[in-house]
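# Sequence plus the predicted model coming up.
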There are 2 protein chains.
Amino acid sequence: MQSIEVPEVVVLRLPLYVRALTQLQMAGTDVVSSQQLGGHLQMTPAQIRKDLSYFGRFGKQGRGYNIQFLLKELRDILGLTREWRACLVGVGRLGRAIINYTGFAPEGFTIVAAFDSSDDQIGTDVGGIEVLPMGDLAKIIATKNVTIGIVAVPAIQAQPVIDILVEGGVKGILNYAPVAPQVPIGIVMRNIDPVLSLQSMTFYLKD
Amino acid sequence: MQSIEVPEVVVLRLPLYVRALTQLQMAGTDVVSSQQLGGHLQMTPAQIRKDLSYFGRFGKQGRGYNIQFLLKELRDILGLTREWRACLVGVGRLGRAIINYTGFAPEGFTIVAAFDSSDDQIGTDVGGIEVLPMGDLAKIIATKNVTIGIVAVPAIQAQPVIDILVEGGVKGILNYAPVAPQVPIGIVMRNIDPVLSLQSMTFYLKD
């Protein structure tokens, strides 16, 4: 099947399936029904079956899903069986927290380079990574096989930094700056923005 | 209209509209077409018109949207015209970055209390807020009118902490722990999880 046939909202849910299935597996469970999985993810069983149906048949009617098999398939589908290399731009307070975040590496995401435009930061060591000048970005992306650019710069710098990353050859942008930047078609962007999350929460809290 | 009629995926997009419209307004623009707004958000004009149609008619055919009016309406719809009070649980590296994050306050989200289970943290000052013991949580939620709980504890502590917050009376959970916790019906949860974002990105990058 082609990626283009799968609605993005389904793709966004697949990592949640991976996480829930991993938790079930760690708890010693071998088989899970769509009802049980739905209970964990607060989704209906029908929604789960429909999401998974985009990728083939994973469960036998009435028997539930084999967790090990489904996890392997979902990891393959999501491209999680290889290492992904990222570079970070912006090593202020947020950037430093990102470099020191221990959740990326176990999932196969490695930050291999860090960049900043400030002379005060260039040449310093952050979490074992030397901070390089922005001028080195394209060269490092090519030589270190970097696919993902992580953006932790102030809002006003985000768009120009993202333009430089895309021109340098990254294919994905993880943006922490509180703006809505634009990327060319074919570049995948995800925004990490707690304010947006809160603003979509208050819709439900306001009454 | 009732919240329940609006698909959640639409609600999740409304803050993006608010942000894009705010940026346009700050750039001096008064009126925007769904084509232009779509260009900013990388959505089709039809999708934007459909999303907004859940809330009434905002634009006149062929005339575009009055940005000031649409912004005011969207802010009303999302509940962004009032202050929302949050408490933070967990004042480790991540929790401290959250307290010191300057993006919440301008948008009406105020962290009014911080909690930790560690004796080393209790009583210390983080960003001007005194760290309190978990036992004070329910009392503070009630007396300080706290609606939102922000969770920045290790993965294994997330579910019990969320249970305590919900029991204490918060209506929304902003969860930074890399797990898929469960909340009762009627409680709104948003997960801030860069790994999930990366994992849904690699689906598109893997070929």
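Good, I have the coordinates.
# Could you spell out the sheet neighbours of the longest strand belonging to chain A, each with its direction?
If you go by DSSP state E, chain A has its longest strand at strand A:109-116. Counting by DSSP bridges, the strands paired with strand A:109-116 are strand A:84-89 (parallel), strand A:129-133 (parallel).
# CSV for those strands, including mean neighbour count?
Any C-beta I mention is one placed from the backbone N, CA and C, and that applies to glycine too. Shown next, in CSV, are these (neighbours: other CB atoms under 10 Å in any protein chain shown):
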stretch, mean neighbour count
strand A:84-89, 23
strand A:129-133, 16
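# how about a markdown table for the ones you listed, with mean pLDDT and distance to A:G62 added?
Converted to a markdown table, the strands paired with strand A:109-116 look like this (pLDDT from 0 to 100; distance: least, CB to CB, whole Å):
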| stretch | mean pLDDT | distance to A:G62 |
| --- | --- | --- |
| strand A:84-89 | 98 | 38 |
| strand A:129-133 | 97 | 51 |
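# which helix is the longest one in chain A?
Counting by DSSP state H, the longest helix found in chain A is helix A:8-26.
# surely A:K144 meets A:I111?
No: look at A:K144 against A:I111 with CB atoms under 8 Å: they stay out of range, at 10.6 Å.
# care to break chain A down by domain?
A:3-78, A:84-196 (automatic domain parsing).
# Determine the residues that are contacts of both of A:K144 and A:I111.
Counting by CB atoms under 8 Å, 6 or more residues apart in numbering or on different chains, the residues touching both A:K144 and A:I111 are A:C87.
# Would you mind extracting the C-alpha trace of the longest strand of chain A into PDB?
Taking Å, rounded to 0.1, in the frame of the first residue of the first chain, the C-alpha atoms of strand A:109-116 are listed here in PDB:
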ATOM      1  CA  PHE A 109      16.200   8.800  17.600                       C
ATOM      2  CA  THR A 110      19.700  10.100  18.000                       C
ATOM      3  CA  ILE A 111      20.700  13.800  18.100                       C
ATOM      4  CA  VAL A 112      24.100  13.800  16.400                       C
ATOM      5  CA  ALA A 113      24.700  17.600  16.100                       C
ATOM      6  CA  ALA A 114      23.700  20.900  17.600                       C
ATOM      7  CA  PHE A 115      23.800  24.400  16.100                       C
ATOM      8  CA  ASP A 116      23.400  27.900  17.400                       C
END
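# B:G186 is nearest to which of the strands paired with strand A:109-116?
Shortest distance between B:G186 and those, using CB to CB, is found for strand A:84-89: 37.6 Å.
# What angle do strand A:129-133 and the helix or strand following that closest one make with each other?
Using DSSP states H and E, the helix or strand that directly follows strand A:84-89 along the chain is helix A:93-100. Counting by axes from the mean of the first three to the mean of the last three CA atoms, to 10 degrees, helix A:93-100 lies at 140 degrees to strand A:129-133.
# pLDDT on helix A:93-100, on average?
For helix A:93-100, mean pLDDT is 87.
# ok, and does that helix reach over to chain B?
Yes: counting by CB under 8 Å from any CB of the partner chain, chain B has neighbours in helix A:93-100: A:93-94, A:97-98, A:100.
# out of these, which is most surrounded?
A:I98 (25 neighbours; other CB atoms under 10 Å in any protein chain shown).
# For A:I156, see how far away A:G92 is.
According to CB to CB, to the nearest Å, A:G92 and A:I156 sit 13 Å apart.
# between those two, which one's more packed in?
When A:G92 and A:I156 are compared on other CB under 10 Å, the one with more neighbours turns out to be A:G92, at 13 against 9.
# My read is that the more buried one contacts A:A152, right?
Yes: assessed by CB under 8 Å, A:G92 is found in contact with A:A152 at 6.9 Å.
# coming back round to it: closest one to A:P184 among the strands paired with strand A:109-116?
Nearest to A:P184 among the strands paired with strand A:109-116 is strand A:84-89; the distance by CB to CB comes to 17.7 Å.
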